[in-house]
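Q: Predicted structure and sequence below. I'll ask about it afterward.
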Amino acid sequence: MSRLTDRWHRKSKPGKVESYTRWTFHTFGLVEVSLVWSVDPLQGWLVLLSGLHAGMCVVLQGRALDWRRGRRERPVRLGLATAAVTVASALVVLVLIKAGAVADDGSAAVLLVAFATYGLGAMSLTLRTSRHMAYALLATIAGTGVAATALRLPPSHVLGLVLAVLSAGAAIVVTYILSVWLLNTVWELDAARELQSRLAVAEERLRFGRDLHDVMGRNLAVIALKSELAVQLAKRGRPEAVAQMAEVQRIARESQREVRDVVRGYREADLHTEMEGARGVLKAAGIDCRIEGDDGGGLSPAVQSALAWVVREATTNVLRHGDARRCTVRLTEGYGDGEAGHGEAPAAVLVVENDGAAEGAGGKAGTGAGGSAGGGRREVRKGSGLDGLRERLAVVDGTLDAGRVEGGLFRLTARVPLPLPLPGSGPVPASGAESVTLGGEATA
């Protein structure tokens, strides 16, 4: 049972919707066999025929859904074979009705509906448009009426069978159409969200490239011009060549400083902005995100920037991994679980915790430089995302700890030491636990 639940939790949300849709369709096969079994006039032989028919429909439905998702070719031959078995089964039922083997009109309608409508629903998945599905429904109704009339069944029986096939067939075809439409919509929304993330990254790269071009374009042009002038002056033995090269050197150093400023501005992140942004992004993805504790306004810019990157990476992992439904981000400043005066330095602690963690995120928790693994956690697969965070935190002597904890949660904890308070300034407030909700394994 645990394997089934773990496999379910590892699926993406569109994957879960697809699995639910598939098994809903397959359940109709059990309904068909159950209906036939309840009124079988042939002491089990008709149940065997319904089992064969239902099995073919189940296989056809699975392959037809794969075709609609672009994973395989259209199952034309299997669809034709299923249609042939459906027609044959319906004719057998009509012959039994004509021979008087079926007890009453209600049992006759149940048998015909069980074979005709489930086969119709399975075959409708192989049709390209809703119009073709409607034609298939009309053909099934017409075929039922013609066959029943050809067997010279009473008109009241013919009308009853046609109405039964019409109502049940229309219901199952509409159900299949809406289910496939919903499944395609869910997959398209997931693809749109992924595309939006990629566009955001591309936009940021373009912005960085534009800023870098604005800074370097003019300076490089001036450097090329002045260096060419210096070459010409040097060839003529003019002393002005030295001054031109000195100017080239000055512009090059200025360009280097400006590039560093651009990169520094690109890498720096505001903690408060990132926390609010995480709440907005996760809320848009249907994840309940709570921001608790301090807003980090009293921290130094370097510490804020490092923790802001932790929040950004945590938010990315929530969206990309696992199947989180709840996320809590809490920032506290103080002595953690220790007591002031017992030798423990104050620290800013940011803990990222979320449900829906994938099973692959298990193992003993990884830690940053100088950190120790938290008890009872499992190892997180090493990735560039966590390595990058550890490098940023190491600049401010911080540590990073990430892994699964009890209750199927994933927790990421960043701890950055703070300066000791000056004598007489009062103790640093004790901090509680902090959390940022992460989704699944914490590798980017």
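A: Looks like it arrived, so ask away.
Q: Phi, psi for the residue of the chain positioned farthest from its centre please.
A: What lies farthest from the middle of the chain is G237; by CA atoms, centre = their mean that is 68.9 Å. Note on G237: its backbone torsions stand at phi 70, psi 30 [degrees, to the nearest 10].
Q: again with G403
A: Per degrees, to the nearest 10, the backbone of G403 is at phi 170, psi 170.
Q: heads up, I number from 6, so please use that
A: Shifting the count to begin at 6 puts that one at G408.
Q: Could you report the distance from it to R416?
A: 7 Å (CB to CB, to the nearest Å). C-beta coordinates here come from the backbone N, C-alpha and C atoms, glycine included.
Q: Please apply the same query to T337.
A: In this view, T337 and R416 are 15 Å apart by CB to CB.
Q: Where does pLDDT dip in the stretch 206-355 of the chain?
A: 269-274, 289, 326-327, 340-349 (pLDDT under 70).
Q: And R203, how close does it get to R210?
A: 11 Å.
Q: for G303, helix, strand, or coil?
A: Following DSSP: H, G, I helix; E, B strand; the rest coil, G303 is assigned to coil.
Q: swap in V220?
A: With three-state DSSP as the criterion, V220 reads helix.
Q: now it, nearest residue through space, not along the chain?
A: Leaving aside its sequence neighbours, V220 sits nearest to E263 (CB to CB, 6 or more residues apart in numbering; 4.6 Å).
Q: roughly how far out does the host helix or strand of the one you found sit from the chain middle?
A: Using DSSP states H and E, E263 falls within helix 245-272. Counting by CA atoms, centre = their mean, to the nearest Å, helix 245-272 is centred 45 Å from the centre of its parent chain.
Q: Output the contacting helices and strands for that helix.
A: Contacts defined by 3 or more CB pairs under 8 Å, 6 or more residues apart in numbering; DSSP states H and E place helix 245-272 against helix 160-240.
Q: Okay, angle between the helix it packs on and helix 245-272 too, please.
A: Interaxial angle, helix 160-240 versus helix 245-272 (axes from the mean of the first three to the mean of the last three CA atoms, to 10 degrees): 150 degrees.
Q: Show me what helix 160-240 is packed up against.
A: helix 18-44, helix 50-73, helix 110-129, helix 135-155, helix 245-272.
Q: at 10 Å what do you get?
A: helix 18-44, helix 50-73, helix 81-103, helix 110-129, helix 135-155, helix 245-272, helix 276-289, helix 306-325 (3 or more CB pairs under 10 Å, 6 or more residues apart in numbering; DSSP states H and E).
Q: What angle do helix 110-129 and the first one make with each other?
A: Helix 18-44 and helix 110-129 meet at an angle of 150 degrees, taking the same axes, to 10 degrees as the criterion.
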